[in-house]
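Chemist: after the sequence you'll find the predicted model.
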Amino acid sequence: MDALEHLRALCLALPEVTERLSHGEPTWFVRGKKTFVTFADHHHDDRRAFWCAAGPDVQQTLVAQAPESYFRPPYVGHRGWLGVYLDVPLDWDVIADLVEDAYRVIAPKTLVAQLDDRVADPADLPQSSAHGDL
């Protein structure tokens, strides 16, 4: 699965998320209105990345700790959004956490509560066949 497909799967797994093009790039919206993640395929430079909403100080901390992986994106960086390069080695568990955190920053409390309920109830999670049948 390529980076865009993986990112798409993470975003669309969240409650009431839709995808459409915005500024020529795949973008994910909560309830069709508020953007929380946007893909950036060489949009402003020669790098493949995505931009996502982030909580207070997340952008500053991650960019300072790992500038090879994170950056302050144009247009939305001043609002604390985080840029994440997709053309470097990726830890998809970290990416999943960043996407979920971006959703939590943008989504209304009722949808965040739905997400919390789903995470809290393992019966709602897809069953993994990694361990085989017992």
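Modeler: Great, that's in hand. Keep in mind that this is a model prediction, so the values were computed, not measured.
Chemist: can we go C-alpha only for contacts and neighbour counts from here?
Modeler: OK.
Chemist: residue ranges in this protein under the pLDDT threshold?
Modeler: 1, 42-44, 121-134 (pLDDT under 70).
Chemist: is it true that Leu111 touches Pro15?
Modeler: Yes: with contact defined as Cα atoms under 8 Å, Leu111 reaches Pro15; the gap is 6.5 Å.
Chemist: how about His23, what does it touch?
Modeler: By Cα atoms under 8 Å, 6 or more residues apart in numbering, the contact set of His23 is empty.
Chemist: no wait, Trp28
Modeler: 11-12, 17-20, 35-38.
Chemist: what does stretch 84-99 contact?
Modeler: Residues outside stretch 84-99 that contact it (Cα under 8 Å, 6+ apart): 3, 10-11, 37, 47-52, 54, 68-71.
Chemist: can you pull the buried residues of that stretch?
Modeler: Buried residues in stretch 84-99, counting neighbours by 16 or more other Cα atoms under 10 Å, are found at 84-86, 95-96, 98-99.
Chemist: if you rank the contacts of Trp28 by neighbours, which is first?
Modeler: With neighbours defined as other Cα atoms under 10 Å, the most crowded of the contacts of Trp28 is Val37; it has 29 neighbours.
Chemist: before we move on, which element is that one in?
Modeler: Remark: Val37 resides in strand 34-41, with elements defined by DSSP states H and E.
Chemist: next one: Asp116
Modeler: helix 109-120.
Chemist: run a quick neighbour tally on Glu100.
Modeler: Residues near Glu100, counting by other Cα under 10 Å: 22.
Chemist: run the angle between the strand or helix carrying it and strand 34-41 for me.
Modeler: For Glu100, the element it lies in under DSSP H and E is helix 92-106. In terms of direction (axes from the mean of the first three to the mean of the last three Cα atoms, to 10 degrees), helix 92-106 departs from strand 34-41 by 140 degrees.
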